[in-house]
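1. coords please:
(chains A and B)
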Number of protein chains: 2
Amino acid sequence: MSFDPSTLKFNAQGLIPAIAQDHISGEVLMFAWMNTEAIARTLATRQVTYWSRSRQAFWAKGKTSGHVQKLVELRIDCDRDCLLLRVDQAGPACHTLRRSCFYTVVRDGDEVITADPMLS
Amino acid sequence: MSFDPSTLKFNAQGLIPAIAQDHISGEVLMFAWMNTEAIARTLATRQVTYWSRSRQAFWAKGKTSGHVQKLVELRIDCDRDCLLLRVDQAGPACHTLRRSCFYTVVRDGDEVITADPMLS
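-> Just a heads-up that it's a prediction; the model follows:
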């Protein structure tokens, strides 16, 4: 079946959640949102573009920072309401300059920060 | 810092996205939503409970199917608006009886199903 982004299930704002995962290590790097045009741009350029809800604008990941995400594989979940992007991430995915945004672990009822910012 | 679920950022429906990942293989298994009480139940029982948006009810994963998710580690992202659950998944995570919900790959413009339902 030919893939048509408009057949996905978007929320009331026209957005679908997207999980970015390192295609080699399997590490979950970040979570963000896409709309149909962001998906189309991502597939056309093979570099990931999200939709920034805070800025209400397209967010070509790494365009200013250089921390681009090359799309290796796009996956769709069973309900067609979530995307999994397997990516080749240049440097940190997180705006805190950590590799992954999920660097805080809940351990014995406390929050523990488990990663340092990457040195450039 | 002590972890208090009420300090997370929930959407207008009081929900936060949650990604479930196999704690050994790193495979992303599924994506669902939680509220503060679902998080509290998950931490108290060490078995994952979501909030079902379609049923508007708590969803103790695997309670009827037996496909429970034991919580190994709870992680929080930098913006405190997404959770990563590293889990020990019994059998399939997906309601289609596939290990992961993300079994459909977009390849050369086509949707390709890459996994079969697990045999019981």
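
2. Excluding residues flanking it in the chain, which one is nearest the closest residue to chain B within chain A?
-> Proximity of chain A to chain B (Cβ to the nearest Cβ) peaks at A:Gly26, 2.6 Å away. Any C-beta I mention is one placed from the backbone N, CA and C, and that applies to glycine too. Take A:Gly26 and drop its neighbours on the chain: the residue closest to it by Cβ to Cβ, 6 or more residues apart in numbering or on different chains is B:Gly26, 2.6 Å away.

3. isn't the one you found right up against A:Leu29?
-> No: judged on Cβ atoms under 8 Å, B:Gly26 makes no contact with A:Leu29 at a distance of 11.7 Å.

4. what sits against A:Arg41?
-> A:Thr49, A:Phe58, A:Ala60 (Cβ atoms under 8 Å, 6 or more residues apart in numbering or on different chains).

5. ok so, going back, which phi and psi does the residue nearest to A:Gly26 have?
-> For B:Gly26, the backbone dihedrals (degrees, to the nearest 10) come out as phi 80, psi 0.

6. What of A:Leu43?
-> Dihedral angles for A:Leu43 - degrees, to the nearest 10 - are phi -70, psi -40.

7. what about it, how many neighbours?
-> Neighbour count of A:Leu43, defined by other Cβ atoms under 10 Å in any protein chain shown: 16.

8. Also A:Leu83?
-> For A:Leu83, the neighbour count with other Cβ under 10 Å is 25.

9. Find the nearest non-adjacent residue to it, please.
-> The nearest residue in space to A:Leu83 (Cβ to Cβ, 6+ apart) is A:Ala18, at 4.3 Å.
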